[in-house]
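S.K.: sequence? don't have it. structure:
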């Protein structure tokens, strides 16, 4: 009888210990999820805020408009894989899925901050646990937040930031921390288009020193746009010369707001590179004949 009583006490103690350990483990997991979730959303929002002007410039650059004024943002939004393992495989193999737009920003800025795909999804899953539902505007209802919703979530946060800047009329140009180069490229592209040129932008990565390619008939002009405070030197001339060969251009042009050094003019002459300013761009054909 005494042995039976001891056994009962032992079983009760064992059950109590199991329940207590489970509660402690559950509490620790809840704290970990809360910390990971807070880290996730704060990091995402901070990175978007730090790069909001650059993001908006890229959104504008990648926008395509048809003859009727309809805007297409497919290049900006992109279509990356959503599965964690597939993402790792795509990045490892250098897939084009992350070469521009929001996917590019995610890989080169957000993912770099988290350190790895595995760590990003670890924090993201914690966020999903802490915030189990999402207001899906496409479906038109509130639904459960899934792991594969990570890109929809990131893209939505970025779009909210961009639209907020547009509403605040950021184009007043009173902001100084956005990417000047992209704005100047867009400015040059608009001048060329208004003067009858067909203009294409080179990819963000692997442009080989060429920002824009302007074409009319058999002409294929490789253009580098420089919005610097100091005069442009030899390096830009060397880059556009190599870029012209890479992109199979017929001519090479550098457009600068700050002029060029004497040595740059000398090197440009020997390499048949034209050095002009933005005001001369509208008469581009005069410089290539």
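M.R.: Right, received. Where do you want to start? From a predicted model like this one, the values you see are computed outputs, not experimental measurements. Residues are numbered from 1 along each chain as shown.
S.K.: any chance you could map the strands in the stretch 51-200 of the chain?
M.R.: For the stretch 51-200 of the chain, the strands defined by DSSP state E, counting those that start in this stretch occupy 64-65, 71-72, 133-136, 141-144, 198-201.
S.K.: in CSV: those, plus mean pLDDT.
M.R.: Listed next are those as CSV, based on pLDDT from 0 to 100:
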stretch, mean pLDDT
strand 64-65, 77
strand 71-72, 83
strand 133-136, 71
strand 141-144, 77
strand 198-201, 90
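S.K.: redo these as TSV? Include distance to residue 127 and mean neighbour count.
M.R.: Placement of C-beta: from N, CA and C, glycine included. Converted to TSV, the strands of the stretch 51-200 of the chain look like this (distance: least, CB to CB, whole Å; neighbours: other CB atoms under 10 Å):
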stretch	distance to residue 127	mean neighbour count
strand 64-65	33	10
strand 71-72	31	10
strand 133-136	11	14
strand 141-144	13	11
strand 198-201	35	14
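S.K.: distance to residue 257 for these - can I get that in a markdown table?
M.R.: Shown next, in a markdown table, are the strands of the stretch 51-200 of the chain (distance: least, CB to CB, whole Å):
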| stretch | distance to residue 257 |
| --- | --- |
| strand 64-65 | 26 |
| strand 71-72 | 28 |
| strand 133-136 | 45 |
| strand 141-144 | 50 |
| strand 198-201 | 19 |
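S.K.: which one of these lies closest to residue 99?
M.R.: strand 198-201 (12.6 Å; CB to CB).
S.K.: packing partners for the helix or strand following that closest one?
M.R.: Next helix or strand after strand 198-201 toward the C-terminus (DSSP states H and E): strand 212-216. With contacts defined as 3 or more CB pairs under 8 Å, 6 or more residues apart in numbering; DSSP states H and E, strand 212-216 has these neighbours: helix 180-194, strand 198-201, strand 219-226.
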